[in-house]
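Asks: Dropping a prediction and its sequence here:
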Amino acid sequence: MNQLNEFKDTIPVRKEEQLNEERLLEFLHSHFELNNDQLEIRQFGAGHSNLTYEIKVGNWEAVLRRPPLGPVAPKAHDMEREHSILRDLHSLFPFAPKPYAFSNDESIVGSQFYIMERKRGFVYDTSFPKEIVINDEFYRAISEEMVDTLVTLHEVDYNGTKLQELSHPVGFLERQVHGWIGRYVRAKTDDIKGVEELTTWLATNIPISPNSTIIHYDYKLNNAMFSFDSPTKMVGLFDWEMTTIGDPLADVGAALSYWIQDDDPELLKLGLGKQSVTATKGFYSRKEFVERYARKSGRDLANIDYYITFAYFKLATICQQIYYRYKQGQTNDPRFANFHIFVSTLITHALQSRKGS
């Protein structure tokens, strides 16, 4: 067990993403009862958008989350909104981390930020930790846990929460489709074949939504954390920035756009670098994911192809926004240099995901 507790899920802070340690330590002492030990900061390195740090003072530890460097899109990366959502959601859905403090004072770390609890466990992304034994049974159990936790989230009663005040579920899907098309246009850099055909199809084939639920809207394996003691049981779910009340099938579609399977094209598997572990044989296929969700939730997923197609376009737009920031010199992160190729791959895959295509 000691070996598991030493499992490292952080990296040294990237040079261009360092924090003002003196100002941050002053803030921490004003909000928490801490000793006089040195502030230690490490970074969670897997994300491509918001910046997340592990902060420690002696035995006290927490996580700091802030927007990415440079200008950001209007209403995007709203740390105050995310902090407010978590305050209510944590007690209703304990996989959500407990928030501790929020600050709008940009003189501390260069932007607004919030601090939340530090959860411990495994995060599965492109490989598995050497500390655990993996086999087909393990892959299936992880798959089932991901589906079942999503069903559980969609069953949470949001009435009376801050999320209800911040959300507008009526017309959600229509706003999403037209909104993401607009975001793509504003972040456009290269002419990519198929974009006009895809956006026209999305805008003219919007299905009728089922009853609204809480949706995470960035639900994927590397946003989940699994127990050291029971490595197929989830203990944490992160990145609640896009959470709202809306169409639960949009949440399923988003999850499936990240769920790479073993027979996917190589460009889809490797577009963000290393291949996701979900592409390993033994994990659920997207079809199995859909079937289990439908069985567990009781929802009709007859139109799921539309939601998957839209999710690929939405993911393409997110990658395009990141690539736009790279092209504008707002970030120098070399991981983003070829994102335009992945955007093109996602557009092509979205077109192929339409029913009958």
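Replies: Everything's here; your move.

Asks: C-alpha only now, for contacts and for neighbours.
Replies: Will do.

Asks: is it true that Asp262 lies in a helix?
Replies: No. Per DSSP: H, G, I helix; E, B strand; the rest coil, Asp262 lies outside any helix segment and is coil.

Asks: Count the residues that sit near it.
Replies: 18 (other Cα atoms under 10 Å).

Asks: Same question for Ser230, what's its three-state structure.
Replies: Going by three-state DSSP: Ser230 is coil.

Asks: what's the distance between it and Leu39?
Replies: 31 Å (Cα to Cα, to the nearest Å).

Asks: neighbour count winner among the two?
Replies: The residue with more neighbours, out of Ser230 and Leu39, is Leu39; 16 against 12, by other Cα under 10 Å.

Asks: Distance of that one relative to Gln112?
Replies: 20 Å.

Asks: ok, now Asp37?
Replies: From Asp37 to Gln112 the distance is 25 Å (Cα to Cα).

Asks: More neighbours: which of the two?
Replies: Gln112 (19 against 11).

Asks: quick one: contacts for the more buried one?
Replies: 66-67, 79-80, 102-106 (Cα atoms under 8 Å, 6 or more residues apart in numbering).

Asks: State the pLDDT value of it.
Replies: We note a pLDDT of 94 for Gln112 in this prediction.

Asks: Name the residues of the longest helix along the chain that are buried.
Replies: Counting by DSSP state H, the longest helix found in the chain is helix 304-327. By 16 or more other Cα atoms under 10 Å, the buried positions in helix 304-327 come out as 304-326.

Asks: Could you do stretch 92-109 as well?
Replies: Applying 16+ other Cα under 10 Å to stretch 92-109 flags 93, 95-102, 108-109 as buried.

Asks: Pull the most distant pair out of those.
Replies: Phe93 and Ile108 (30.6 Å; Cα to Cα).

Asks: In what element of secondary structure is the residue minimising distance to the centre of the chain found?
Replies: By Cα atoms, centre = their mean, the chain has its centre lying nearest to Asp218, at 3.7 Å. Using DSSP states H and E, Asp218 maps to neither a helix nor a strand.

Asks: which residues sit in contact with Ile304?
Replies: Per Cα under 8 Å, 6+ apart, neighbours of Ile304: 249, 253.

Asks: ok, it to Leu268 distance?
Replies: 20 Å.

Asks: what sits against Val283?
Replies: Not Val; residue 283 is Phe. 136, 139-140, 142-143, 261.

Asks: which of those residues are buried?
Replies: If we count by 16+ other Cα under 10 Å, those have these buried: 139-140, 142-143, 261.

Asks: Pick out the most distant pair among those residues.
Replies: Maximum pairwise distance in those, criterion Cα to Cα, is 14.0 Å, between Ile142 and Gln261.

Asks: Find the residue closest to Phe102 in space, skipping its chain neighbours.
Replies: Spatially, and ignoring its direct neighbours in sequence, Phe102 is nearest to Tyr114 (4.2 Å; Cα to Cα, 6 or more residues apart in numbering).

Asks: tell me which strands and helices the host helix or strand of that neighbour is in contact with?
Replies: Per DSSP H and E, Tyr114 falls inside strand 113-116. Counting contacts by 3 or more Cα pairs under 8 Å, 6 or more residues apart in numbering; DSSP states H and E, strand 113-116 is packed against strand 60-66, helix 79-92, strand 99-103.

Asks: how about the ones you listed, which one is nearest Asp239?
Replies: helix 79-92 (8.6 Å).

Asks: Between strand 99-103 and the closest one, find me the angle.
Replies: Between helix 79-92 and strand 99-103, the angle comes out at 170 degrees (axes from the mean of the first three to the mean of the last three Cα atoms, to 10 degrees).

Asks: Let's test this: mean pLDDT of helix 79-92, rounded?
Replies: According to the model, helix 79-92 has a mean pLDDT of 94.

Asks: Likewise for stretch 273-289?
Replies: pLDDT averaged over stretch 273-289 gives 94.

Asks: Name the residues of it that are buried.
Replies: 275-280, 282-286, 289.

Asks: and that stretch, how far from the chain's centre?
Replies: 17 Å (Cα atoms, centre = their mean, to the nearest Å).

Asks: Now that stretch - C-alpha only, CSV.
Replies: Listed next in CSV are the C-alpha coordinates belonging to stretch 273-289 (Å, rounded to 0.1, in the frame of the first residue of the first chain):
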residue,chain,number,x,y,z
GLY,A,273,-0.3,11.9,-29.0
LYS,A,274,-0.3,8.5,-27.4
GLN,A,275,-3.2,6.1,-27.8
SER,A,276,-5.9,6.0,-25.1
VAL,A,277,-6.1,2.7,-23.1
THR,A,278,-9.7,2.4,-24.2
ALA,A,279,-8.4,1.2,-27.6
THR,A,280,-7.2,-1.9,-25.9
LYS,A,281,-9.1,-5.1,-26.9
GLY,A,282,-11.2,-6.0,-23.9
PHE,A,283,-12.6,-2.6,-23.3
TYR,A,284,-16.2,-1.9,-24.3
SER,A,285,-16.8,-0.8,-27.8
ARG,A,286,-18.8,2.4,-28.3
LYS,A,287,-21.8,0.1,-29.2
GLU,A,288,-21.5,-1.8,-25.9
PHE,A,289,-21.2,1.5,-24.0
